[in-house]
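1. Predicted model and sequence follow; I will ask about them next.
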Amino acid sequence: MNAYAVKLALRHLFSHPAQTALLMLGVALGVAVFIFMSALIGGLATLLTLRTVGSIPHIVLEEPDHDPAVLVPSIGALVVLQKDLSRRNQISIWQPAIPIAEQTPGVTFVSPQIRGAAFVERGQAVASVGVIGVMPGKLSAIADIDAAIVEGSSDLLADGILIGSRLARDLGLRVGQIVRLTSDRGRARSLHIGGIFTLGVASADRQAVYMNFSTARALFDLPTGISRIEIKVQPAIDAPRIAARLRSATALKATAWTEDNTQLFEGLDAQARTGTIIKIFALVTIMVGITSAMSLSVVRRQSEIGIMRAMGAGKTFVVSIFVLEGTLIGLIGALVGTGVTWLALAPLPPVAQVARGGLPIDQAQGGFLVAVVLTTLAGALASIQPALRASRIDPVEVIGS
Amino acid sequence: MTAEAIVTVCGLTKSFGREETETQVLRGIDLSIRRAEMVALLGPSGSGKSTLLTILGTLMRASGGSHDMLGVDLMRASDAQRTEFRSRHLGFVFQFHHLLSDLTALENVMMPAASAAGRETRAMRARATELLNAVGLSDHLDYRPSAMSGGQRQRAAVARALINNPALVLADEPTGNLDRKSADQVMDLIQKINQTTGASFIISTHDEHIAARCSRRIGLLDGNIVAS
Ligand SMILES: Nc1ncnc2c1ncn2[C@@H]1O[C@H](COP(=O)(O)OP(=O)(O)O)[C@@H](O)[C@H]1O
Ligand SMILES: [Mg+2]
């Protein structure tokens, strides 16, 4: 590869501007498909993940299961272990875990909660619900209840609750009305409805009831302990790693959201593989295009190649001219393609704000640099075969007197 | 001028094909060309002129015999050595100009030197300009071949053959495609260059008019040298 080969390659490309432009346009189109697929598959993954993790905790800390200790050595004997159901499932000493969790890198919100099952009664209608007792100021730490309020307010007073819109519809409840709530510990209390929310998650909108922390303590007979600590992390995908850290730091059971959503990950995986296949097709199409154009060019220029060989140009020199041409076509086509695609994707809304039915295209996941590198490589690879053919041209055969 | 031989071939043979289809094109050529000689290679079509010039130009290997030039045994030399030798000591003019269509006249003349060196140098540019002046194309340095006449292209091709100061220029029917007037111009030029540079020329032709302007004539008939 030398300066003269570069000059000849460039000169040939510039001497046939229409042909060169057409070829580069083809490459640019292939690159656009490549980037569009990357941005779409990436955006879809982001959107699905956002929708999935938006209203759920990323990590849940709970008291570890206590298995009964084995008091006799189990040599030659069958030992049956039974789950210990004699104790409440609560974290009794939970205060030290809060600052530990809060100071762990990646953690954004920490919410200690009282959880329990209850019945809501109004007249003859009864619904079973899951109560979530949250500390003041932590209402929207896990699911954004503040933003989801459709009626009333999100203030959690000592005798107030927030319910989902489906529950409200099922029981015909309105803000300000009083309901009777009976906990699974047998304690009952009349509470008034302070607000109604719509999270867009059916189970939450039908069953979740948010309540003041101390009210929940009394209803569920938990004077000091709590049920669980819910945690949000950023980015959500780091949850398993952070969960492992918290597990060893707090000695609590830490469950990442990913463990309960394996189907989502299988789906995302399949989607990513589909994207990869389409991207490979785009690259192969680019290579086929460049190879055929270069092969034609070799045939058309064979007497010129012959004359160069006759006049002292080595085989390597001829190879380098054609490989350079292919590489330049790949590189420039890729730059044009990425440039245009970048501009085309720039005005699209961020994935989180995509309207229903719109394509969640994430420009940041377009893989622009990868596209340029791979396409340039494809150009170089695609030109090797025609270049070798050019270098094997026998001057005597093509010069013919 | 000295009388030393720059290229000598003895018993040179060339055949194409194998067994039944084998055709012997050159049947034992003995030939010696001296420095600054201008030799006309005469013979009817198919007599083997192009084949002999191609072998002398190291573009093809002979089937047998010896081929020495400037002290190098070209029968024994490797392909790479022959390529290198060719770019240093040999120049070519063909019936068709074979100028590169993407390059200007000046760049075409520099091409053999530049592709050997890997770049174009100021010295090459100066020498190419000088050669194009000598062939009367000083006004056409930046013309592409497509913008020049047949005679102009062939003169540019002659200039290209001379860029590396070759000891021997092989011209295979260099005026075959030209009209009388252009042919005369090209021959004037070759004669002038031959006299000023001392490069030897072998010019194949079947034109008596051209042969008459050379210092020696060699006749070729059915692959043998004949008196002429
Ligand atoms: N590559 C080749 N394969 C087979 N026969 C060839 C080849 N090149 C030349 N010939 C034959 O050799 C003979 C001499 O050809 P050539 O040297 O071109 O003659 P000239 O230049 O005098 O017309 C012709 O009969 C031609 O058919
Ligand atoms: Mg011939």
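-> Arrived safely. Numbers count the residues shown, from 1 in each chain, chains lettered A, B, ... in the order given. Ligands and ions are numbered 1, 2, ... in the order given.
2. ok, now how distant is whatever residue of chain B ends up closest to ligand 2 from residue B:26?
-> Closest contact between chain B and ligand 2, by CB to the ion, is at residue B:50 (3.2 Å). C-betas here are computed from N, CA, C, even on glycine. For residue B:50, the distance to residue B:26 equals 11 Å [CB to CB, to the nearest Å].
3. In three-state terms, label the residue of chain B found nearest chain A for me.
-> Chain A sits closest to residue B:87 of chain B, with a gap of 2.4 Å, by CB to the nearest CB. Following DSSP: H, G, I helix; E, B strand; the rest coil, the label given to residue B:87 is helix.
4. The residue of the stretch 101-250 of chain A found nearest ligand 2 - how many residues pack around it?
-> Distances between the stretch 101-250 of chain A and ligand 2 by CB to the ion are smallest at residue A:237, namely 74.3 Å. Neighbours of residue A:237 under the rule other CB atoms under 10 Å in any protein chain shown: 16.
5. What confidence value was assigned to it?
-> With respect to pLDDT, residue A:237 scores 83.
6. again, but for residue A:234
-> 87.
7. cool, and the one 10 residues further on?
-> With respect to pLDDT, residue A:244 scores 94.
8. same check, this time on residue A:319
-> Model confidence at residue A:319 (pLDDT) stands at 95.
9. So for the helix or strand where it lies, what gets flagged as buried?
-> Using DSSP states H and E, residue A:319 maps to helix A:315-345. Neighbour-count burial for helix A:315-345, counted by 16 or more other CB atoms under 10 Å in any protein chain shown, picks out A:315, A:317-338, A:341, A:345.
10. ditto for stretch B:112-128
-> For stretch B:112-128, by 16+ other CB under 10 Å, it's B:112-117, B:120, B:124-125, B:127-128.
11. Check stretch B:180-196 too.
-> Those would be B:182-187, B:189-190, B:193-194, for stretch B:180-196 by 16+ other CB under 10 Å.
12. Among these, which pair sits farthest apart?
-> B:182 and B:194 (18.6 Å; CB to CB).
13. circling back: how far out from the middle of the chain is the helix holding residue A:319?
-> 32 Å (CA atoms, centre = their mean, to the nearest Å).
14. Which strands and helices lie in contact with the helix or strand following that helix?
-> For helix A:315-345, the following helix or strand on the C-terminal side (DSSP H and E) is helix A:368-391. Under the contact criterion of 3 or more CB pairs under 8 Å, 6 or more residues apart in numbering or on different chains; DSSP states H and E, helix A:368-391 touches helix A:17-53, helix A:262-300, helix A:315-345.
15. looking at these, which is closest to ligand 2?
-> helix A:262-300 (23.8 Å).
16. between the closest one and helix A:368-391, how many degrees?
-> With axes from the mean of the first three to the mean of the last three CA atoms, to 10 degrees applied, the angle from helix A:262-300 to helix A:368-391 works out at 30 degrees.
17. Would helix A:262-300 count as contacting chain B?
-> No: applying CB under 8 Å from any CB of the partner chain, one finds helix A:262-300 separated from chain B by no less than 10.0 Å.
18. taking the mean pLDDT, what do you get for that helix?
-> On average, helix A:262-300 scores 90.
19. just stretch A:374-387 next, same as before
-> 95.
20. before we move on, the earlier item: packed most tightly, which of the helices and strands packed on helix A:368-391 would that be?
-> helix A:315-345 (a mean of 22; mean count of other CB atoms under 10 Å in any protein chain shown).
21. what's the angle from that helix to helix A:17-53?
-> Using the same axes, to 10 degrees: helix A:315-345 against helix A:17-53 is 50 degrees.
22. Run through the neighbouring helices and strands of helix A:315-345.
-> helix A:3-15, helix A:17-53, helix A:262-300, helix A:302-310, helix A:368-391.
23. Ligand 1: which of those is closest?
-> Closest approach to ligand 1 among the helices and strands packed on helix A:315-345 (CB to the nearest ligand atom): helix A:302-310, 13.7 Å.
24. Do you have the helices of the stretch 51-200 of chain A handy? List them.
-> For the stretch 51-200 of chain A, the helices defined by DSSP state H, counting those that start in this stretch occupy A:97-103, A:145-148, A:165-171.
25. Give me the residues contacting the last one.
-> Defining contact as CB atoms under 8 Å, 6 or more residues apart in numbering or on different chains, one finds that helix A:165-171 is touched by A:120, A:122, A:125, A:127, A:129, A:150-151, A:173-174, A:179, A:193, A:196-198, A:202, A:205-207, A:209.
26. So for it, what gets flagged as buried?
-> A:165-168, A:171.
27. of the buried residues of stretch B:180-196, list those near ligand 2.
-> With CB under 5 Å from the ion as the criterion, the buried residues of stretch B:180-196 include none near ligand 2.
28. Which members of those residues are positioned in helices?
-> The helices, defined by DSSP state H, take in B:182-187, B:189-190, B:193-194 from the buried residues of stretch B:180-196.
29. now those as CSV including distance to residue A:351 and pLDDT?
-> As requested, these are exported to CSV (distance: CB to CB, whole Å; pLDDT from 0 to 100):
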residue, distance to residue A:351, pLDDT
B:182, 72, 83
B:183, 75, 86
B:184, 78, 87
B:185, 74, 83
B:186, 72, 83
B:187, 77, 89
B:189, 73, 85
B:190, 75, 89
B:193, 74, 88
B:194, 78, 91
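30. Low-confidence regions, the stretch 301-401 of chain A specifically.
-> Low-confidence segments of the stretch 301-401 of chain A, defined by pLDDT under 70, span residues A:400-401.
31. ok, now chain B?
-> Ranges of chain B meeting pLDDT under 70: B:1-3, B:228.
32. Give me the residue at the spatial middle of it.
-> Per CA atoms, centre = their mean, the C-alpha nearest to the average position across chain B is that of residue B:170, at 1.7 Å.
33. That one belongs to a strand?
-> Yes: assigned with three-state DSSP, residue B:170 falls within a strand.
34. pretty sure residue B:128 contacts residue B:110?
-> Yes: taking CB atoms under 8 Å as the definition, residue B:128 is a contact partner of residue B:110 at 4.7 Å.
35. Pretty sure residue B:6 sits in a helix.
-> No: going by three-state DSSP, the assignment for residue B:6 is strand, not a helix.
36. distance of it from residue A:330?
-> Distance from residue B:6 to residue A:330, by CB to CB: 48 Å.
37. just residue B:84 next, same as before
-> 33 Å.
38. Helices of chain B, residue ranges please.
-> According to DSSP H, the helices that chain B contains are B:49-56, B:79-89, B:105-117, B:122-134, B:150-161, B:180-197, B:208-211.
39. With chain B as the reference, measure out to residue A:126.
-> 88 Å (CB to the nearest CB, to the nearest Å).
40. List the contacts of the closest residue to residue B:98 other than its chain neighbours.
-> In this structure, residue B:98 finds its nearest non-sequential neighbour in residue A:307, 4.2 Å apart by CB to CB, 6 or more residues apart in numbering or on different chains. Contacts for residue A:307 were tallied using CB under 8 Å, 6+ apart; they are A:395, A:399, B:98, B:100.
41. just residue A:335 next, same as before
-> residue A:372.
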